[in-house]
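**Q** Attaching a predicted model along with its sequence, questions to come.
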Protein chains: 2
Amino acid sequence: MNLRDLRYLIAVAEQRHFGRAAEACHVSQPTLSAQLKKLEDYLGVTLIERTNKRVAITPIGEEILERARETVEQADAILQLAQSHRDPMSGPLRLGVIPTLGPYLMPLVLGPLRQRFPHLELVLSEEVTDSLLRRLIEHEIDAALLATPAEEPGLDELPLFEEPFWLAYPRGHALEGAKRIAQSDLEQADLLLLADGHCLRDQVLKACNQAGRGAGGEVGDLRAASLETILQLVAAGYGCTLVPALAMRGPWTTDMGVVARPLDLPGGRRLVRLVHRQSFPRRAALEALAALIVETLPNTVTPASSSPQRDA
Amino acid sequence: MNLRDLRYLIAVAEQRHFGRAAEACHVSQPTLSAQLKKLEDYLGVTLIERTNKRVAITPIGEEILERARETVEQADAILQLAQSHRDPMSGPLRLGVIPTLGPYLMPLVLGPLRQRFPHLELVLSEEVTDSLLRRLIEHEIDAALLATPAEEPGLDELPLFEEPFWLAYPRGHALEGAKRIAQSDLEQADLLLLADGHCLRDQVLKACNQAGRGAGGEVGDLRAASLETILQLVAAGYGCTLVPALAMRGPWTTDMGVVARPLDLPGGRRLVRLVHRQSFPRRAALEALAALIVETLPNTVTPASSSPQRDA
DNA sequence: TAAAAATACTCCATAGGTATTTTAT
DNA sequence: ATAAAATACCTATGGAGTATTTTTA
């Protein structure tokens, strides 16, 4: 059976005339006649009682006609539905963000995003990297804003920007007057670290090692669950910490007694990327999102080279 | 768009594997791949996110899939519906009968008909010939049991049986002892007639003319609306009447004081036919009905030649 | 490297067209 | 006689096949 045949039947029922029905279907009368005959043969029942002066639908024809109308209506609805989703910038986009980035980046982005792409329905989730990668592979989310390379097979990434780490310490600290933080300063700092699972924890440790600082010197077992908690601890004088630049745009440095200074350390930064499955079909949506994020950034971070590059 | 493509999509969604989906659809994998690609191009959206290890339906794909399932389900329902109506002896058959035949023939036929064709839904209507012919032409009924030839263009008929007219008169009438009624007897009878519109009225008048009886001699303005009324009048001694043989099988001749005798008159009979539109598609149903009627007849009537003949 | 989907191509079934015939009023 | 559907026959689109390549985990 064919949707086309059903349309022919509907046209004949409406026009009560093969010739006009054929015209309405943009085919010739013999074509429509032959197709309807085939449909009747296939179904094994006569749908139309024809004479040369009158075309009448049989009772079983009426029953089938009713269902045929519903069927083609539903098929048309599929086309409508698809057409309303043709624009890659419309419909749901499930985006994951790591917790050390989301609270600082998303507020900057959401407004312009909504303005530029009002039909994009962003569904956000905030989880640590491993969790986001798993959900990406399981098709539970479509893309993720991460600060580590997408090394899983089948994933790809759009580099967005380099975000430097800053040293955050309490007002009245020994480094109070410094403009920038030298490697030697870092060696002596009593560092507060995030809990396991946060990529920022590993990146901070790596940066410190790079700065020549050995293991130890961190503040005991204090492993904060979030950046906000760490900054509260810093403000309370428990120690220093390295924070990504975007996190330092809030009220911490102005009202809450925390001082933040950039590092003189080449590796003291992270590359933020938009990671996605290579096979994700709405690549255009991700590229538009990436472009908008880069446009919206403050100058405390530096956009990555705009040409997309595989891995890092 | 094509129902086949929707079936392919459904198969892929169920199997999550192009090869197995193709197998389930009894086509090759490249065929299914190509058709789904065409469907995606036609709709303008990606329905399936494919890698060589995993096949996932996109969100819009899921939405479309849901409707696709309903659509093919409905199309299959059309086929089911048609198949359950393939037997011409099932479904509604709208049958008209003239009032001078219906009450006497149908009781004989309905039982065996129901037994032989339990799925045939007979819808009866009892009206005079002209009315039935109009309804036949208007497709309001499918066939009619008439006693006059189907002379309208586009109509055809199956001859069923010859029904002789009998003379009915009250017990104690001058003809009381007669076995058969001669022409001469008819000339003197005081005849009661049916109202206008009944074909029986015209046929009785014609038979009388044929018998050499002139106009007049009927009982005044008594034009009964039905055979039952006429027979009541006969029983009450108002006069005689000509009745079709089948009407004389009830209680009239046994309990109600009416005597009926066959006529010795060659034209004193009518041919009962099953009239229908030539284009009516369930001719087989009508032929089966005709055969069953002829089989069921009492021997007071004589079956017509069984080979169908155009007009009479 | 192996499994799976995509591509390249060939073939043929069938929808579609035009010209004509049949049919029924 | 005329209008309309059916038939005959041809064309061409596109669905389906096999063989092969590409992709990617």
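**A** Perfect, I can see it now. Since we're looking at a predicted model, the values are computed, not measured.
**Q** Centroid-nearest residue for chain A?
**A** What sits nearest the mean C-alpha location of chain A, by Cα atoms, centre = their mean, is A:Leu95, with 3.4 Å.
**Q** Quick check: residues of the stretch 151-300 of chain A near DNA strand D?
**A** A:153-154, A:278-279 (Cβ under 7 Å from any atom of the strand). Placement of C-beta: from N, CA and C, glycine included.
**Q** of all those residues, which comes closest to A:Cys25?
**A** Checking these against A:Cys25 by Cβ to Cβ gives A:Ser279 as the nearest, at 39.2 Å.
**Q** State the three-state secondary structure for the closest one.
**A** What DSSP: H, G, I helix; E, B strand; the rest coil gives for A:Ser279 is coil.
**Q** who's in contact with it?
**A** Shown in contact with A:Ser279 (Cβ atoms under 8 Å, 6 or more residues apart in numbering or on different chains): A:154, B:49-51.
**Q** tally of neighbours for the residue in the stretch 101-250 of chain A that DNA strand C sits nearest to?
**A** The minimum distance from the stretch 101-250 of chain A to DNA strand C, using Cβ to the nearest atom of the strand, falls at A:Pro153 (11.4 Å). When neighbours are counted by other Cβ atoms under 10 Å in any protein chain shown, A:Pro153 registers 9.
**Q** Now A:Arg270. Nearest residue, chain neighbours left out?
**A** Leaving aside its sequence neighbours, A:Arg270 sits nearest to A:Ala147 (Cβ to Cβ, 6 or more residues apart in numbering or on different chains; 4.2 Å).
**Q** Find me the pLDDT at that neighbour, would you?
**A** For A:Ala147, the pLDDT comes out at 93.
**Q** what's the answer for A:Glu162, then?
**A** A:Glu162 is assigned a pLDDT of 92 by the prediction.
**Q** so how many other residues sit close to A:Lys37?
**A** Using other Cβ under 10 Å, A:Lys37 is surrounded by 13 other residues.
**Q** Could you verify that it is part of a helix?
**A** Yes: under three-state DSSP, A:Lys37 falls within a helix.
**Q** so how far is A:Leu43 from it?
**A** Using Cβ to Cβ, to the nearest Å, A:Lys37 is found at 11 Å from A:Leu43.
**Q** likewise A:Gly96?
**A** Computed as Cβ to Cβ, the A:Gly96 to A:Leu43 distance reads 51 Å.
**Q** likewise A:Tyr104?
**A** For A:Tyr104, the distance to A:Leu43 - Cβ to Cβ - is 65 Å.
**Q** now do A:Arg261
**A** According to Cβ to Cβ, A:Arg261 and A:Leu43 sit 81 Å apart.
**Q** Then A:Pro266?
**A** Separation of A:Pro266 from A:Leu43 (Cβ to Cβ): 77 Å.
**Q** Which one of these two is surrounded by more residues?
**A** Taking neighbours as other Cβ under 10 Å, A:Pro266 and A:Leu43 compare with A:Leu43 leading, 21 against 10.
**Q** residues contacting that one?
**A** Counting by Cβ under 8 Å, 6+ apart, A:Leu43 touches A:1, A:64, B:78-79, B:82-83.
**Q** which of the residues you listed tops the neighbour count?
**A** Going by other Cβ under 10 Å, A:Ile64 tops the contacts of A:Leu43 with 27 neighbours.
**Q** what's the neighbour count on A:Ala189?
**A** 23.
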